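>>> Model the structure of this input:
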Amino acid sequence: APPPGEQPQRRLGGGDRDGNAEGLHLIEHLLCTRLCARHLSCLSLTTTRGGVARILTHEAGVTDIVVLQAALLHDTVEDTDTTLDEVELHFGAQVRRLVEEVTDDKTLPQLERKRLQVEQAPHSSPGAKLVKLADKLYNLRDLSRCTPEGWSEHRVQEYFEWAAQVVKGLQGTNRQLEEALKQLFKERGLTL
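Residues are numbered from 1 along each chain as shown. Just a heads-up that it's a prediction; the model follows:
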């Protein structure tokens, strides 16, 4: 049984751990859509909706609904006025904890936030590590396809070098994601 005040862990399409066929409730879909829409409205039109969650389901085989909800919401607190309390209200304490783990403190300077990501990566929970790996994979693929306006090739390379440091701290989490990331780093002359 989950700790007091928390929902049991559920998996997509399979119900809960006892085999109950509850799956993901319609209301959760609607609430997730609402919060995600608030998040997506502030992103550029080129951003693929749900890309991090899609990587987790399609490439890493993740079916844990808590991890997938956190993946959908991973940038919401950073990029919108949505609060962690709202995330907890609509999705529960487990999702809140994962979102909180992968959320940067925007009050800190960018270099400090990047340093903290490298430092904290090895100490993250397994669910947060999955979200971080998929997020890095999504971002690095995007950078490989198209250099953002205003970015030099040097800045792109620096991002890859920083991301490799973060990913080093996440190793041993998911072979499929790590292999895909290793390939991207190899194309940039980097190793883990």
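
>>> Could you list the buried residues of stretch 118-129?
118, 121, 124, 127, 128, 129 (16 or more other CB atoms under 10 Å). From N, CA and C alone the C-beta is placed, and that goes for glycine too.

>>> pretty sure residue 113 contacts residue 105?
Yes: the pair residue 113 and residue 105 qualifies as a contact (CB atoms under 8 Å) at a distance of 6.6 Å.

>>> So for the two, which sits in the more crowded spot?
Ranked by neighbour count (other CB atoms under 10 Å), residue 113 and residue 105 place residue 113 first, with 14 against 9.

>>> ok, that one - contacts?
Going by CB atoms under 8 Å, 6 or more residues apart in numbering, residue 113 touches 104, 105, 106.

>>> Need the residues you listed in JSON lines (columns: pLDDT).
Converted to JSON lines, the contacts of residue 113 look like this (pLDDT from 0 to 100):
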{"residue": "104", "pLDDT": "95"}
{"residue": "105", "pLDDT": "94"}
{"residue": "106", "pLDDT": "92"}
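
>>> Let me know the closest of those to residue 183.
Using CB to CB, residue 104 is the member of the contacts of residue 113 that lies nearest residue 183, at 26.2 Å.

>>> which residues touch the most centrally placed residue in the chain?
Per CA atoms, centre = their mean, the C-alpha nearest to the average position across the chain is that of residue 131, at 3.2 Å. Residue 131 makes contacts with 52, 56, 67, 70, 71, 74, 98, 102, as judged by CB under 8 Å, 6+ apart.

>>> The same query, at a cut-off of 6 Å, please.
By CB atoms under 6 Å, 6 or more residues apart in numbering, the residues touching residue 131 are 70, 71, 74, 102.

>>> Quickly find the element holding it.
Assigned by DSSP states H and E, residue 131 belongs to helix 126-145.

>>> Pull out the buried residues from that helix.
In helix 126-145, counting by 16+ other CB under 10 Å, buried: 127-138, 140, 143.

>>> now the helices for the protein?
26-40, 51-58, 65-73, 76-79, 84-91, 93-102, 110-120, 126-145, 153-168, 175-187 (DSSP state H).

>>> Need these in JSON lines (columns: mean pLDDT).
Putting the helices of the chain into JSON lines (pLDDT from 0 to 100) gives the following:
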{"stretch": "helix 26-40", "mean pLDDT": "56"}
{"stretch": "helix 51-58", "mean pLDDT": "93"}
{"stretch": "helix 65-73", "mean pLDDT": "91"}
{"stretch": "helix 76-79", "mean pLDDT": "88"}
{"stretch": "helix 84-91", "mean pLDDT": "91"}
{"stretch": "helix 93-102", "mean pLDDT": "97"}
{"stretch": "helix 110-120", "mean pLDDT": "98"}
{"stretch": "helix 126-145", "mean pLDDT": "97"}
{"stretch": "helix 153-168", "mean pLDDT": "98"}
{"stretch": "helix 175-187", "mean pLDDT": "98"}
